[in-house]
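*Asks:* Have a look; sequence and predicted model below, questions after that.
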Amino acid sequence: MDFPLHKFDKLDTPFYYYDLNLLRATLGEINDRAAISKNFRVHYAIKANTNPTVLHTIAQAGLGADCVSGGEIMAAVAAGFPAEKIMFAGVGKTDKEINIALDNDILCFNVESVPELEVIDKLAAAKGKCARVALRVNPDVDAHTHTNITTGRAEDKFGIDLKIIDEVVDLVGRLNNVELFGLHFHIGSQILDMNDFVRLCDRINPLISDIEAKGIIIRHINVGGGLGIDYVDPDRHPIPDFAAYFGTFMRHLALKPYQTVHFELGRAVVAQCGTLVSRVVFVKEGMVKKFVIIDAGMNDLIRPALYGAYHKIENLTSKADESEVYDVVGPVCESSDVFGKDVELPVTARGDLIAIRSAGAYGEIMASQYNCRPFPRSVISD
Ligand code: LLP
């Protein structure tokens, strides 16, 4: 990725830099590859990044929005996502949030439990409305990714037990103010092995046949998100392999002509276009290690501290021919405030600019003000 260093030089660090050309190219590729079926609809899981410019760019490309809170629904509406392309998921929707969704006449609620279904029915009745609901099924598929971002195993809190799903479908039929939109699934995040999605399809196909055998038509199948990205070499794979991803569902879902497939991609849309740019405060000789201490901390990007996640680290300004091995750390008073251990960088000095790559997803949006540090700012390429 080419960074406008002349521009960076004058800016206060740390900040998130978004390359809108890469974001637009990624969105173009998504739209091209999803066109493999006229029944595929792609939504953006806005939890990954709600920077207003990023959101607006995604809305303009025609994607829908997958939201998990009332705040996200409002952010989606403000960014220009049409209400008929907004879905609302989450295990703990409050009455207030359900009412926001009802007032906006969104596309559908992804419902995660029977008590939630009953509350949506009651609140919709109070407004004289009928809410479209997709039942989120826990498919009990292990996505082999980090345990904190695996969501579709039997022991996870998400979704409705596969075994009682037809009872819940019957309940939807008996309630007056909800109607069945379809079924929803999501098995986890940062998934790079397409076989995990094949296994999901293999779970979905018989389940839908069973339900349809009882005379109930399932028109919408939401397969969630989860496509992973290349954190190790972002310049080699700046755009994920959407052809393989959509092709897997095309081949393995037993789709009928009246069925629409919905995708909710977060990370794969925005991760590579975002970089956390920071400046070296000090280079410190420790007892056994050399530390590069930067002015970004775990409050700005928590993924390494929270999940042990790898992000590629680059020195953007060093002119040194020689390299050295450093631990790259932040200033926060926590020993987990580490961005990378034993990172080989060109010899690094105070004032150098450091890039932490692939930070567009779950970066800026997960920032906090821990240690009374300000939220990171953002800089847009255009
Ligand atoms: N749909 C549902 C129901 C989800 O729970 C998620 C993500 C997505 C879609 C989008 O998944 P994606 O395409 O981004 O993999 N903070 C973590 C990731 C948490 C993902 C939560 N759910 C991280 O930084 O890795």
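*Replies:* Arrived safely, thanks for sending.

*Asks:* Roughly how far does Ile229 sit from Met194?
*Replies:* Distance of Ile229 to Met194, computed by Cβ to Cβ, to the nearest Å: 14 Å. From N, CA and C alone the C-beta is placed, and that goes for glycine too.

*Asks:* And those two? Which one has more around it.
*Replies:* Looking at Ile229 and Met194 with other Cβ atoms under 10 Å, you find the greater number of neighbours at Ile229, namely 23 against 17.

*Asks:* For the more buried one, which non-adjacent residue is spatially closest?
*Replies:* Taking Cβ to Cβ, 6 or more residues apart in numbering, and ignoring the residues beside it in sequence, Ile229 has Ala271 as its nearest neighbour in space, at 4.6 Å.

*Asks:* Next, the contact list for the one you found, please.
*Replies:* Ala271 makes contact with 48, 229, 231, 358-361 under the criterion Cβ atoms under 8 Å, 6 or more residues apart in numbering.

*Asks:* In strands, which of the residues you listed appear?
*Replies:* Filtering the contacts of Ala271 for membership in strands, criterion DSSP state E, returns an empty set.

*Asks:* Please narrow these to those residing in helices.
*Replies:* Of those, none are assigned to helices by DSSP state H.

*Asks:* Widest-spaced pair of these?
*Replies:* Using Cβ to Cβ, the pair of these lying farthest apart is Ala48 and Tyr231, separated by 14.3 Å.

*Asks:* quick one, which of these two is more surrounded?
*Replies:* Between Ala48 and Tyr231, counted using other Cβ under 10 Å, Ala48 has the larger neighbour count: 26 against 18.

*Asks:* what sits against the more buried one?
*Replies:* Ala48 makes contacts with 266-267, 269-271, 360-362, 365, as judged by Cβ under 8 Å, 6+ apart.

*Asks:* so what pLDDT did the closest residue to it other than its chain neighbours get?
*Replies:* Using Cβ to Cβ, 6+ apart and skipping the chain neighbours, the partner closest in space to Ala48 is Gly266 (3.3 Å). Listed pLDDT for Gly266 reads 98.

*Asks:* hmm, back to that, contacts with the ligand among the contacts of Ala48, please.
*Replies:* With respect to the ligand, and counting by Cβ under 6 Å from any ligand atom, the subset of the contacts of Ala48 in contact is 266-267, 362.

*Asks:* Starting from the least confident helix or strand in the chain by mean pLDDT, tell me which strands it pairs with and how they run.
*Replies:* Counting by mean pLDDT, DSSP states H and E, the chain has its least confident helix or strand at strand 160-161, which shows a mean of 88. Within its sheet, and counting by DSSP bridges, strand 160-161 is paired with strand 131-138 (parallel).

*Asks:* which parts of the strand it pairs with are buried?
*Replies:* The neighbour-count criterion (16 or more other Cβ atoms under 10 Å) identifies 131-138 as the buried residues of strand 131-138.

*Asks:* Over to stretch 315-331?
*Replies:* By 16+ other Cβ under 10 Å, the buried positions in stretch 315-331 come out as 315, 317-318, 326-331.

*Asks:* The ligand: which of those is nearest?
*Replies:* Minimum separation from the ligand among the buried residues of stretch 315-331 (Cβ to the nearest ligand atom) is found for Gly330, which lies at 16.9 Å.

*Asks:* Name whatever forms a beta bridge with the closest residue to Val269 other than its chain neighbours.
*Replies:* Closest residue to Val269 in three dimensions, ignoring its sequence neighbours and counting by Cβ to Cβ, 6+ apart: Tyr44, at 5.5 Å. Going by DSSP bridges, Tyr44 is paired in beta bridges with Ala65, Leu265.

*Asks:* Next, format the buried residues of strand 131-138 as JSON lines and append distance to the ligand and pLDDT.
*Replies:* Converted to JSON lines, these look like this (distance: Cβ to the nearest ligand atom, whole Å; pLDDT from 0 to 100):
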{"residue": "Ala131", "distance to the ligand": "18", "pLDDT": "98"}
{"residue": "Arg132", "distance to the ligand": "17", "pLDDT": "98"}
{"residue": "Val133", "distance to the ligand": "15", "pLDDT": "98"}
{"residue": "Ala134", "distance to the ligand": "11", "pLDDT": "98"}
{"residue": "Leu135", "distance to the ligand": "13", "pLDDT": "97"}
{"residue": "Arg136", "distance to the ligand": "7", "pLDDT": "94"}
{"residue": "Val137", "distance to the ligand": "12", "pLDDT": "93"}
{"residue": "Asn138", "distance to the ligand": "11", "pLDDT": "86"}
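
*Asks:* quick revisit: now that we have the ones next to the ligand among the contacts of Ala48, which of them are buried?
*Replies:* Members of the ones next to the ligand among the contacts of Ala48 that pass the buried threshold by neighbour count (16+ other Cβ under 10 Å) are listed as 266-267, 362.

*Asks:* could you dump these to JSON lines with distance to Ile239?
*Replies:* Listed next are these as JSON lines, based on distance: Cβ to Cβ, whole Å:
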{"residue": "Gly266", "distance to Ile239": "15"}
{"residue": "Arg267", "distance to Ile239": "13"}
{"residue": "Tyr362", "distance to Ile239": "18"}
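
*Asks:* So stretch 104-124, near the ligand or not?
*Replies:* No - applying Cβ under 6 Å from any ligand atom, one finds that stretch 104-124 is not in contact with the ligand, the shortest distance being 7.0 Å.

*Asks:* what ranges do the strands span in the stretch 251-382 of the chain?
*Replies:* Applying DSSP state E, counting those that start in this stretch to the stretch 251-382 of the chain gives strands spanning 260-265, 274-285, 290-294, 313-315, 323-329, 338-346, 353-356, 377-380.

*Asks:* Any stretches of the protein with poor pLDDT?
*Replies:* Along the chain, the parts satisfying pLDDT under 70 run over 142-156.

*Asks:* Might you enumerate the residues of it proximal to the ligand?
*Replies:* Taking Cβ under 6 Å from any ligand atom as the criterion, the chain approaches the ligand at residues 45, 48, 66, 89, 149, 151, 186, 189-190, 224-227, 264-268, 303, 307, 362.

*Asks:* All good on my end, thank you.
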